[in-house]
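In: Following is a predicted model, sequence given first.
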Amino acid sequence: MRDDIEEAEERQGSAKRTAQASTSSRNATTSKHRHHAPPRDPPLPPRHPLNILYRTSVIGGSVYGLHRMSVFHNIVKSPQVDHQWFKVGLAASIAVSMIKAYMELYEGKIRKQKVQYQNYRSCTHAVMLLILLASIAFHKSLWGLYGGMKTMFIMFLFGFGILLQLCLFLPTSVQNGIAFIGLTFFLQQYQ
C-alpha cells in the first residue's frame, strides 16, 4: 500500500512539474501584455493572536445574537417549535458527531490511516447526507416560530459563527469532547 501511495505522489509531482513548465513558458511569452497583481501575504498561522481574537469575537457575537433572540429558551419551551423535526435534527447531528469522532480518533490517530476523501468516500457521503438532513430538520422545526429569514439567520449564526469557528480554533480531540458533552447536556435539557 505504501508503494501505491509513493507511486501516486511521484505521478502528482511529475504532473505538477509539467504544468509549471508549461505555464512558465506561456507566462514568458505573454508577460509583456499582462499586469501582474502584487504577491499576496501568506495567511496568518492558526494560533496567531489576530486569528484567535477574530474567532473569539465571532463566537461571542454569535452567542450574543442567539441569546438576544432567546433561541435556546424557545427551542426547549415554545410550542411553536416543531419538536419532532428538532429531534430528527438532533439525531442526525449526533450521528455526524459519532462518525467524525470515529474517523478522526480511531482511524486517524489509533490506526494511523490518512483520513481523506479517496480513502473514505462512503463515510464522507454519509456525513454529507446527515448534515443535509440535520439542516432541513432544524429549518423545518424553527420555521413556525421564527419565519424564513430569522431561521436562516439563526442557522448561519450557529453554523458559521459557532460550529465552524470552533472547528478552526480547537484541535480535533477537544472538538469531539465538546460535541459529546454539549450534545449530552442538550439532550438532557430537551424534553
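Out: Ah, there it is.

In: May I see the buried residues of stretch 51-58?
Out: Buried residues in stretch 51-58, counted by 16 or more other Cβ atoms under 10 Å: 55, 58. All C-beta spots, glycine's among them, are computed from the backbone N, C-alpha and C.

In: Need the residues that contact it.
Out: Stretch 51-58 is contacted from outside by 44-45, 160-161, 165, 168-169, using Cβ atoms under 8 Å, 6 or more residues apart in numbering.

In: now these: which count as buried?
Out: Counted by 16+ other Cβ under 10 Å, the contacts of stretch 51-58 give 161, 165, 169 as buried.

In: Does anything pack onto the longest helix along the chain? Which helices or strands?
Out: Secondary structure of the chain per DSSP state H: the longest helix is helix 121-156. Helices and strands touching helix 121-156, by 3 or more Cβ pairs under 8 Å, 6 or more residues apart in numbering; DSSP states H and E, are helix 71-77, helix 83-101.

In: low pLDDT regions in this structure?
Out: 1-35, 191 (pLDDT under 70).

In: from the middle of its chain, how far away would the host helix or strand of residue 54 be?
Out: Residue 54 belongs to helix 49-68 when assigned by DSSP states H and E. Here helix 49-68 is found 16 Å from its chain centre; the criterion is Cα atoms, centre = their mean, to the nearest Å.
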